[in-house]
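pasting the sequence and the predicted model now:
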Amino acid sequence: MTETSASRKAVPADTRSSARFRSETLAVAMTFVISIILVIASGFISPALGSWSQVYTILTLASFLVVVAFGQGLVILIGGLDLSIASVIMLGGVMVTAWSGSGYPQILMILAALALCAGVGLVNALGTLWLKVPPFIMTMATGIIVASSALGYTSGTPRGVTPDLFTWLMKSEVAGMPTILIFVGLFVVCGAVLQGWTSFGRRLQAVGTNVSAARVAGLSVSLPVVAAYVISSVCAGFAGMMLVGYANGATLRMGDSYLLPSIAAVVIGGSSILGGRGSYIGTVGGAVLLTTLGTVISALGIEQGWRTVIEGSIIIAALLLLNETFMSLLGGPARR
């Protein structure tokens, strides 16, 4: 009995979980810190860049990515990837403007457009679950079909009416605060709770960690996968409607600039690209950081190509920070 007790005491504690938690926390903290530093530093370049007006612009522009990246983050959490997001953003924006001028109540047209977007997510989920098509291929094919269908439906020129709800959301104030910032704040709180503190979020994480183990534990694998892809498409479609309210119209390329950033924001925020681990608060930090970078780069007159280079470099840096082997090299010998 004594030897057994001694042997138990001699076994070193598994510190991998705590090390992973520290690296994730570091990634989340760094995204917000770097964003603040960028805003402050930009003020030395031009007083207009460091003003509240710039901060408001950054937060407003980040709101679209914050919504889109929530859905993408859920899909990545289960070990998938949604490449149809750009097309679904465009679908939501194009259809809500086209249908809002039909004479029917706008709220019904908004719900109908969101239902159509949800249908795209359902197709993605069924293709990956039942047809066993890799998520990369399935969602890319769905995105191409959606984009081509929208092109045919609009004959290349989207027309319609901007819903009053989204004009109010993007351009009004409540008690002196921009309505969009209030909405995004509530969205972030709800999203963080759903992903991090509910049984639904834990199921997504279990599926992303090990599908076989989740099945053995008696968890339904199909329902979390379907839910993740449907939520992703609904978020993308809603972001497209937000863009319509912001820009007073829709275009067929309105979602293109959100595909790579939606993935980058999730990875930069500390989520594993392989699934099973992720924090929505971290994703929000990643979205704010990317938007801040984009705003500063645009203000400095740097070409769009360099912005993509910077975003790609940040993704690589984030992957390195989240890699346990790399972090062990920085902090000392790897613990086993």
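Okay, I see it. None of the values given here were measured: they were computed from a predicted structure.

for the stretch 101-250 of the chain, which segments count as strands?
With strands called from DSSP state E, counting those that start in this stretch, the stretch 101-250 of the chain shows them at 173-174, 177-178.

what about the residue most central in space within the chain, distance to Tyr104?
Closest to where the C-alpha atoms of the chain average out (CA atoms, centre = their mean) is Ala69, at 0.9 Å. If you measure Ala69 against Tyr104 using CB to CB, to the nearest Å, the figure is 32 Å. In short, each C-beta sits where N, CA and C put it, glycine included.

likewise for Trp130?
35 Å.

any chance you could map the helices in the stretch 51-200 of the chain?
With DSSP state H, counting those that start in this stretch as the definition, the stretch 51-200 of the chain shows helices at residue ranges 52-77, 85-100, 106-129, 135-154, 164-171, 179-196, 199-209.

so where's the stretch 101-250 of the chain uncertain?
Applying pLDDT under 70 to the stretch 101-250 of the chain picks out no residues at all.

ok, Val296 touching Ser42?
Yes: the pair Val296 / Ser42 is scored as a contact, 5.1 Å apart, by CB atoms under 8 Å.

picking up where we left off before, leaving out chain neighbours, which residue sits closest to the residue nearest to the centre of the chain?
Excluding the flanking residues, the one nearest Ala69 by CB to CB, 6 or more residues apart in numbering is Ala265, at 4.2 Å.

now do the same contact list for the one you found.
Shown in contact with Ala265 (CB atoms under 8 Å, 6 or more residues apart in numbering): 65, 69, 72-73, 283-284, 286-287, 289-290.

looking at the residues you listed, which is nearest Gly249?
Proximity of those to Gly249 (CB to CB) peaks at Leu65, which lies at 19.8 Å.

tell me the contacts of that closest one?
Listed by CB under 8 Å, 6+ apart, the contact partners of Leu65 are 239, 258, 261-262, 265, 287, 290-291.

pick the most buried one from the helices of the stretch 51-200 of the chain.
The highest mean neighbour count among the helices of the stretch 51-200 of the chain, using mean count of other CB atoms under 10 Å, belongs to helix 85-100: a mean of 28.

angle of that helix against helix 52-77?
Counting by axes from the mean of the first three to the mean of the last three CA atoms, to 10 degrees, helix 85-100 lies at 110 degrees to helix 52-77.

helix 85-100: how far from the chain's middle?
Its chain's average C-alpha position is 18 Å from that of helix 85-100, according to CA atoms, centre = their mean, to the nearest Å.

which elements pack onto that helix?
Counting contacts by 3 or more CB pairs under 8 Å, 6 or more residues apart in numbering; DSSP states H and E, helix 85-100 packs against helix 52-77, helix 106-129, helix 135-154, helix 222-247, helix 259-268.

avg pLDDT for that helix?
Per-region confidence: helix 85-100 scores 95 on mean pLDDT.

would you mind writing the CA trace of it as PDB?
This file holds the C-alpha atoms of helix 85-100, laid out as PDB (Å, rounded to 0.1, in the frame of the first residue of the first chain):
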ATOM      1  CA  ILE A  85     -19.800  31.900 -46.400                       C
ATOM      2  CA  ALA A  86     -18.900  34.600 -49.000                       C
ATOM      3  CA  SER A  87     -21.700  33.400 -51.300                       C
ATOM      4  CA  VAL A  88     -24.200  33.100 -48.500                       C
ATOM      5  CA  ILE A  89     -23.400  36.700 -47.400                       C
ATOM      6  CA  MET A  90     -24.200  37.800 -50.900                       C
ATOM      7  CA  LEU A  91     -27.300  35.600 -51.000                       C
ATOM      8  CA  GLY A  92     -28.700  37.200 -47.800                       C
ATOM      9  CA  GLY A  93     -28.100  40.700 -49.000                       C
ATOM     10  CA  VAL A  94     -29.400  40.200 -52.600                       C
ATOM     11  CA  MET A  95     -32.500  38.300 -51.600                       C
ATOM     12  CA  VAL A  96     -33.600  40.600 -48.800                       C
ATOM     13  CA  THR A  97     -33.300  43.700 -51.100                       C
ATOM     14  CA  ALA A  98     -35.100  41.900 -53.900                       C
ATOM     15  CA  TRP A  99     -38.000  40.600 -51.700                       C
ATOM     16  CA  SER A 100     -38.400  43.700 -49.500                       C
END
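
between it and helix 106-129, how big is the angle?
Counting by the same axes, to 10 degrees, helix 85-100 points 150 degrees away from the direction of helix 106-129.

what's the closest of the helices and strands packed on helix 85-100 to Gly312?
With CB to CB as the measure, helix 259-268 is the member of those nearest Gly312 (8.2 Å).

would you mind identifying the next helix or strand past that closest one?
Next along the chain after helix 259-268, taking DSSP states H and E as the criterion, comes helix 280-299.

okay, buried residues for that next one please.
Buried positions in helix 280-299, judged by neighbour count with 16 or more other CB atoms under 10 Å: 280-297.

now do it: which elements does it pack against?
helix 16-45, helix 52-77, helix 179-196, helix 259-268, helix 304-322.

off-centre distance for it?
Average the C-alpha atoms of helix 280-299, do the same for its chain, and the two points are 12 Å apart (CA atoms, centre = their mean).
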